[in-house]
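Trainee: Structure for the following, please:
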Amino acid sequence: MDAIIELFTNPANYRLLTIVILSVFLGIEVISRVPSVLHTPLMSGANAIHGVVIIGAIIVMGEADPSDYLALVLGFLAVVLGTLNVVGGFVVTDRMLEMFGKKKKK
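Mentor: Down below sits the predicted model:
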């Protein structure tokens, strides 16, 4: 709790908080201006970026103390959920690209 209070009361962090808040507003503006047809590829591409989460979770698990079960379990969950997100993003992209392909004759 003290770390959260320190985050908001330390003047050195005001610049960082301002950047985060402006980034949120910028992201909302950019996403709201994307046509609805492009939301699916945009989101599937964003899901593919979660590969970084997988690598980070593997690093955390590798650096964790073998007796620290909380870090190991959370790292494992991050790897599993990140993998599902990456695979899901590529599946959605593949399905969407099939919609624009040539129709197969029966």
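
Trainee: In contact with Ala64, which residues?
Mentor: Neighbouring residues of Ala64 by Cβ atoms under 8 Å, 6 or more residues apart in numbering: Ala71, Leu72, Gly75. Backbone N, C-alpha and C define where each C-beta goes, glycine included.

Trainee: if I look at it, how far off is Ala78?
Mentor: In this structure, Ala64 lies at 12 Å from Ala78, with Cβ to Cβ, to the nearest Å as the measure.

Trainee: Could you dump the contacts of Ala64 into CSV and include neighbour count, distance to Ser23 and secondary structure?
Mentor: Shown next, in CSV, are the contacts of Ala64 (neighbours: other Cβ atoms under 10 Å; distance: Cβ to Cβ, whole Å; DSSP: H, G, I helix; E, B strand; the rest coil):
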residue, neighbour count, distance to Ser23, secondary structure
Ala71, 15, 28, helix
Leu72, 15, 32, helix
Gly75, 20, 27, helix
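
Trainee: Quick check: which of those has the minimum pLDDT.
Mentor: Going through these one by one, the lowest pLDDT turns up at Ala71, 83.

Trainee: That residue is in contact with Ile59, isn't it?
Mentor: No - applying Cβ atoms under 8 Å as the test, Ala71 and Ile59 come out as separate, 11.4 Å apart.

Trainee: nearest to Pro35, of the contacts of Ala64?
Mentor: For the contacts of Ala64, the minimum distance to Pro35 (Cβ to Cβ) is 38.2 Å, reached by Gly75.
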